[in-house]
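Asks: need a structure here:
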Amino acid sequence: MQTIFPNKFVKITLLTSIWINISEVFRYFVIVMPTMRKDLSAIPNVAPMDWWVFSIWGVWDTILTASVVFITWLCFKTFGDKKRTIYIAGTTCWAMFFLLFWVGMVNMNLSNPNLLLLTLPLSWIEMTIGAWIALKLLDKSDDRKSV
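Replies: A predicted model of the protein is given here:
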């Protein structure tokens, strides 16, 4: 697998972001937002939905997706094995973004620890599927078909 930068990287990131955005929106609207509004009801305008929040969310999803694509590419170059690559890339991204975030939220008493029982497994699945999609797209983008 040769380098994917910059054109292939951007294309793969945009395509992988479809899954990441769908998963993020689902988890937020169905699980996180209602729970945060209930648990943090004393905070004015908690978990708002406006253009400012959507733009920040767009930055978050872009960083998240670009990281999944890059780490998947890097893991494949390092380990070569597809299953190992998917597992390591997905788990690494999950730990860097979601595990760290939610542990910090619970540590600051800004989230219900029970919320972790739903958000952490769902976000791990999201990242693992994201790594799988990225690897499939990397495979298609490689002219030598070495993936």
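Asks: element containing the residue located most distally from the centre of the chain?
Replies: What lies farthest from the middle of the chain is Ala42; by CA atoms, centre = their mean that is 29.2 Å. Using DSSP states H and E, Ala42 sits in no helix or strand.
Asks: how close does it sit to Ser141?
Replies: 49 Å (CB to CB, to the nearest Å). Every residue, glycine included, has its C-beta placed from N, CA and C.
Asks: now swap in Val69 and tell me
Replies: In terms of CB to CB, Val69 sits 11 Å off from Ser141.
Asks: same check, this time on Ser111
Replies: Distance from Ser111 to Ser141, by CB to CB: 38 Å.
Asks: Compare those two (neighbour count), which wins?
Replies: Neighbour count, other CB atoms under 10 Å: between Ser111 and Ser141, Ser111 has more, with 21 against 17.
Asks: Now the residue nearest to that one when sequence neighbours are not counted: which helix or strand?
Replies: Of all residues not flanking Ser111 in the chain, Met105 sits nearest, at 3.9 Å (CB to CB, 6 or more residues apart in numbering). Met105 is located in helix 100-107, with elements delineated by DSSP H and E.
Asks: Helices of this structure, start to end?
Replies: 7-27, 33-39, 51-79, 82-94, 100-107, 113-141 (DSSP state H).
Asks: Identify the contacts common to Val69 and Ser141.
Replies: Common contact partners of Val69 and Ser141 (CB atoms under 8 Å, 6 or more residues apart in numbering): 4, 12.
Asks: Contacts only, for the residue lying closest to Leu122 once chain neighbours are set aside.
Replies: Leaving aside its chain neighbours, Leu122 sits nearest to Arg27 (5.4 Å; criterion: CB to CB, 6+ apart). Going by CB under 8 Å, 6+ apart, Arg27 touches 119, 122-123, 126.
Asks: then the helix holding Met105 to CSV, C-alphas only?
Replies: What follows is helix 100-107, C-alpha atoms only, in CSV (Å, rounded to 0.1, in the frame of the first residue of the first chain):
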residue,chain,number,x,y,z
LEU,A,100,-10.9,9.4,27.5
PHE,A,101,-13.9,11.8,27.0
TRP,A,102,-16.4,9.8,29.0
VAL,A,103,-14.1,8.8,31.8
GLY,A,104,-13.3,12.6,32.1
MET,A,105,-17.0,13.4,32.1
VAL,A,106,-17.8,10.9,34.8
ASN,A,107,-14.7,12.0,36.8
